[in-house]
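> Quick one: sequence and predicted model below, then my questions.
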Amino acid sequence: MLESAAMKTSIPAAALGCLLAARSALAALGGDASTVEADRVRMKAAAVTTSAGTLYTVHAMQTPAGMTVREFANADGIVFAVTWRGPFAPDLRQTLGAYFGKYQAAPRAGRSGHAHDNVEQPDLVVRSSGHLRAFSGSAYVPQLVPGGVVVEQLLQDAP
């Protein structure tokens, strides 16, 4: 009887562990770009990877629903910026990864509300706007941006 009670407890715990491990394996802001493929599969997206010389690589993903997500990885393979545009907002918990808690707790800069959200901290910048069927935004970590990259221009050219 004790064995079956222990098994009943350990199976849900193992399932939860697998779920959390799968979520953390996805590329996100500050995460390892080697897991971008997991993002592509999760989003059921077509992907194109381009290189900006030795400075950074762009992993652009387009979902069947029309969402475009770009993940910018520096030469060390770390995602330093993410942009999105499409008919719905992305899962910011997944997109911002370890920076999500900091994003939630940060004071808002400029216009903020249902259609706009701006966070400007020394170690995290997030700009998001949108309305029904038209959302866009960007997030980046200033310390991870490669030297010589003008992040405002990079994000302006994004989807």
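Looks like it arrived, so ask away.

> And the helices in the protein?
2-24, 36-43, 92-96, 100-105, 151-156 (DSSP state H).

> how far does the second one sit from the chain's center?
By that I understand helix 36-43. In this view, helix 36-43 has its centroid 11 Å away from the chain centroid, taken as Cα atoms, centre = their mean, to the nearest Å.

> Ala52 versus the closest residue to Ala98 other than its chain neighbours, what's the distance?
If the residues on either side of it in the chain are set aside, Ala98 comes closest to Gly30, at 5.5 Å by Cβ to Cβ, 6 or more residues apart in numbering. In short, each C-beta sits where N, CA and C put it, glycine included. Counting by Cβ to Cβ, to the nearest Å, the separation of Gly30 from Ala52 is 19 Å.

> Look at those two and report which has more neighbours.
Shown here are Gly30 and Ala52; by other Cβ atoms under 10 Å, Gly30 has more neighbours (20 against 13).

> Find the nearest non-adjacent residue to Ala45, please.
In space, Ala45 is closest to Met61, 3.8 Å off (Cβ to Cβ, 6+ apart).

> So, low pLDDT: which residues of the protein?
Along the chain, segments meeting pLDDT under 70 span 1-27, 110-114, 157-159.

> Pick out the residue nearest the middle of it.
Closest to where the C-alpha atoms of the chain average out (Cα atoms, centre = their mean) is Thr95, at 2.1 Å.

> Could you double-check that the residue nearest to Ala45 sits in contact with Ala47?
Yes. Met61 lies in contact with Ala47 (Cβ atoms under 8 Å); the separation is 4.8 Å.

> Quick one: residues in contact with stretch 92-112.
With contact meaning Cβ atoms under 8 Å, 6 or more residues apart in numbering, stretch 92-112 is reached by 23-24, 26, 28-31, 69, 82, 84, 116-121, 123-124, 126, 128, 139, 141.

> Show the buried residues in those residues.
The neighbour count (16 or more other Cβ atoms under 10 Å) marks 26, 28-31, 69, 82, 84, 117-119, 121, 124, 126, 128, 139, 141 as buried among these.

> Looking at those, which are in strands?
If you go by DSSP state E, those have Val69, Val82, Trp84, Asp117, Asn118, Val119, Gln121, Leu124, Val126, Ser128, Ala139 in strands.
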